[in-house]
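> build the 3D model from these lines:
(one chain, ligands or ions: 1)
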Amino acid sequence: MRLLSDATALPSRARAPQFGGFYERLEFLRALIDHPARVSALLPSSPAMAQAIAAQIPSNDGQVLELGPGTGAITKAIIARGIPASRIVAIEYDPGFADLLSGRFPGLYVLQGDAMNLARVLGTPRRSYTAVVSGLPLINFPIEARYEVIEDALARVRLGGPFIQVSYRGTPAIPESREIMARRAAFVWRNLPPGYIWVYRRQPIKTWGHA
Ligand SMILES: C[S@@+](CC[C@H](N)C(=O)[O-])C[C@H]1O[C@@H](n2cnc3c(N)ncnc32)[C@H](O)[C@@H]1O
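Just a heads-up that it's a prediction; the model follows:
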């Protein structure tokens, strides 16, 4: 497999390692201790949150790009929604999570690298994804970096496609502008802590009509 970047593609393993609620939480705790600002949560997304995120993906066609998948709580819900693991590209910074993901989801294309620098990991943008789903702790990054990742991700989705973000804030990670729309799509109580789903899209191009 040839990569356009210095990210590391992990081969999916034939057998998944032991995986369950307790192991998943332990792995999360380990990563939180290793990189507190990057993991930025005590627990993985709940099934309710993960399903609500997967429900925002507009169709089962094409590929999905997942940023910051962690232990794969949202990945699992995307697959349950009808998109096979082989059509999901997952970019995860933490090597332990990346290794665990490739064992847990055979066929998943896991890239261990920095999802805040998509050009470096994925190369030049092409509109090949149906949606981008992000569990990145965007709010912990400077506003310029948030713009950069959302804009780059939106250049990789089909026209009108979404950048779907988990958040614990009622305000968007970047303010709505003439270029990008931000919509609070859902509030999920059954998550610890309860959280929001924000959806960002390119504003439709306005054409001048005749008077
Ligand atoms: C809050 S956890 C969410 C994990 C998972 N999506 C979930 O909902 O349970 C944030 C995840 O983003 C990953 N992450 C943070 N910064 C990253 C970066 N720059 N590139 C790739 N992954 C990153 C962390 O390692 C962690 O897996």
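> ok, residue 125 to residue 141 distance?
Note on residue 125: its distance to residue 141, by CB to CB, to the nearest Å, is 19 Å. C-betas here are computed from N, CA, C, even on glycine.
> got it, and residue 113?
In this structure, residue 113 and residue 141 are separated by 16 Å, where distance is defined by CB to CB.
> looking at those two, which one has more neighbours?
A direct count of neighbours by other CB atoms under 10 Å for residue 113 and residue 141 places residue 113 higher, at 21 against 17.
> over to the more buried one: give its phi and psi.
The phi and psi torsions at residue 113 (degrees, to the nearest 10) take the values phi -180, psi -170.
> my guess is it meets residue 93, correct?
Yes - using CB atoms under 8 Å, residue 113 is in contact with residue 93, at 7.0 Å.
> overlap in contacts of the two?
With contacts defined as CB atoms under 8 Å, 6 or more residues apart in numbering, no residue is shared by residue 113 and residue 93.
> who in this protein is up against the ligand?
Where the chain comes near the ligand, counting by CB under 6 Å from any ligand atom, the residues are 31, 38-41, 44-45, 68-70, 73-74, 91-94, 97, 114-116, 135-137, 166.
> repeat that for 5 Å
By the rule CB under 5 Å from any ligand atom, the part of the chain lying against the ligand is 38-39, 41, 44-45, 68, 70, 73-74, 93-94, 114-116, 135.
> separate out the buried members of these.
Among the residues of the chain next to the ligand, the ones that count as buried by 16 or more other CB atoms under 10 Å are 38-39, 41, 44-45, 68, 70, 73-74, 93-94, 114-116, 135.
> tell me the confidence at the residue sitting nearest the centre point of the chain?
The central residue of the chain, meaning the one whose C-alpha is nearest the mean C-alpha position (CA atoms, centre = their mean), is residue 134 at 2.4 Å. We note a pLDDT of 98 for residue 134 in this prediction.
> contacting residues for it?
When contacts are counted by CB under 8 Å, 6+ apart, residue 134 is found next to 66-68, 115, 149, 153, 163-166.
> how about 7 Å then?
Residue 134 is in contact with 67-68, 163-165, counting by CB atoms under 7 Å, 6 or more residues apart in numbering.
> now these in CSV, please, with extra columns for pLDDT and secondary structure.
What follows is the contacts of residue 134, written out as CSV (pLDDT from 0 to 100; DSSP: H, G, I helix; E, B strand; the rest coil):
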residue, pLDDT, secondary structure
67, 98, strand
68, 98, coil
163, 98, strand
164, 98, strand
165, 98, strand
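> out of those residues, who's nearest residue 57?
The shortest gap between residue 57 and any of the contacts of residue 134 belongs to residue 164, at 7.2 Å (CB to CB).
> list the contacts for that closest one?
Applying CB under 7 Å, 6+ apart to residue 164 gives the contacts 53, 56, 131-134, 197, 199.
> what bridges to it?
Beta-bridge pairing of residue 164, defined through DSSP bridges, involves residue 133, residue 199.
> over to residue 195?
Applying DSSP bridges to residue 195 yields these beta-bridge partners: residue 188.
> between the two ends of stretch 153-161, what distance do you get?
One end of stretch 153-161 sits 10 Å from the other (CA to CA, to the nearest Å).
> what's in contact with that stretch?
With CB under 7 Å, 6+ apart as the criterion, stretch 153-161 contacts 58, 65, 118, 125-132, 163, 200-202.
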